[in-house]
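Please work out how this folds:
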Amino acid sequence: MKYLRRALKYFLQISLLLVIIVAVLMLSGMVSKDIAIAFRHGWTSVGYILLLFAVMSAAYPFFGYGKRKIHAGGDPASYRDAIVQAMEGRGYVLASEEDGELRFHLGSGFNRAARLWEDTISITPVLGGFEAEGLVRDLARVVMAIDNKINNYGN
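Numbering: from 1, shown residues only. You can find the predicted model right below:
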């Protein structure tokens, strides 16, 4: 269900962007206001574009979200404060904490909206450390920050 929701959000976002770009071009007079003239095959071209957007949107959640391992020894609870500090340093705030799992989201409403409220990063204790789950483009920065904070914590 989460996958489908993300795909639908991205489809709507990409489609809205297309509508805005085409509307600006039409209103500025750079292209005809008639779809049959603006696009080579008229509405058929629009259908092909939307089909392409649907394929891209269906693939994005698969490639855009992932999990990364954070290596740490000892009691996971002892690293809680270091993890929270590292995440706050990257602009995230603690949203919830349950059974050792820490869930963070961006503190800025603008950044959350830009990511369609799909900005949650979960940090879960696993054997040998933690597992971070969220947007792949954010995970690299977050995992590095947490790893640095954990390895330097107490020094």
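
Give me the phi and psi for residue 94.
phi -70, psi 120 (degrees, to the nearest 10).

Quickly note the distance from the residue sitting nearest the centre point of the chain to residue 86.
For the chain, the residue sitting closest to the mean C-alpha position, by Cα atoms, centre = their mean, is residue 135 at 4.1 Å. Residue 135 sits 17 Å away from residue 86, taking Cβ to Cβ, to the nearest Å as the criterion. For glycine as for every other residue, the C-beta is placed from the backbone atoms N, C-alpha and C.

same deal with residue 99?
21 Å.

same check, this time on residue 143
Going from residue 143 to residue 86 by Cβ to Cβ gives 9 Å.

Out of those two, name the residue with the larger neighbour count.
Legend: neighbour count by other Cβ atoms under 10 Å for residue 143 and residue 86, higher for residue 86 (24 against 21).

Just confirm that one contacts residue 146, I think it does.
Yes - assessed by Cβ atoms under 8 Å, residue 86 is found in contact with residue 146 at 4.5 Å.

Can you pull the domain assignment for this protein?
Domain assignment for the chain by automatic domain parsing gives 2-63, 65-152.

Please identify the deepest-packed of these.
Across the domains of the chain, averaging neighbours per residue (mean count of other Cβ atoms under 10 Å) puts domain 65-152 on top, at a mean of 16.

hmm, back to that, could you dump the domains of the chain into a markdown table with mean pLDDT added?
Converted to a markdown table, the domains of the chain look like this (pLDDT from 0 to 100):
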| stretch | mean pLDDT |
| --- | --- |
| domain 2-63 | 89 |
| domain 65-152 | 90 |
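
who's in contact with the helix or strand harbouring residue 105?
Using DSSP states H and E, residue 105 sits within strand 101-106. Strand 101-106 is contacted from outside by 80, 83-84, 87, 91-97, 112, 115, 119-125, using Cβ atoms under 8 Å, 6 or more residues apart in numbering.

Show me the helices in this structure, by range?
Assigned by DSSP state H, the helices in the chain fall at 2-27, 35-38, 43-64, 80-89, 109-114, 136-152.

Can you give the distance from the second one to the centre of its chain?
Averaged C-alpha coordinates place helix 35-38 at 35 Å from its chain's average position (Cα atoms, centre = their mean, to the nearest Å).
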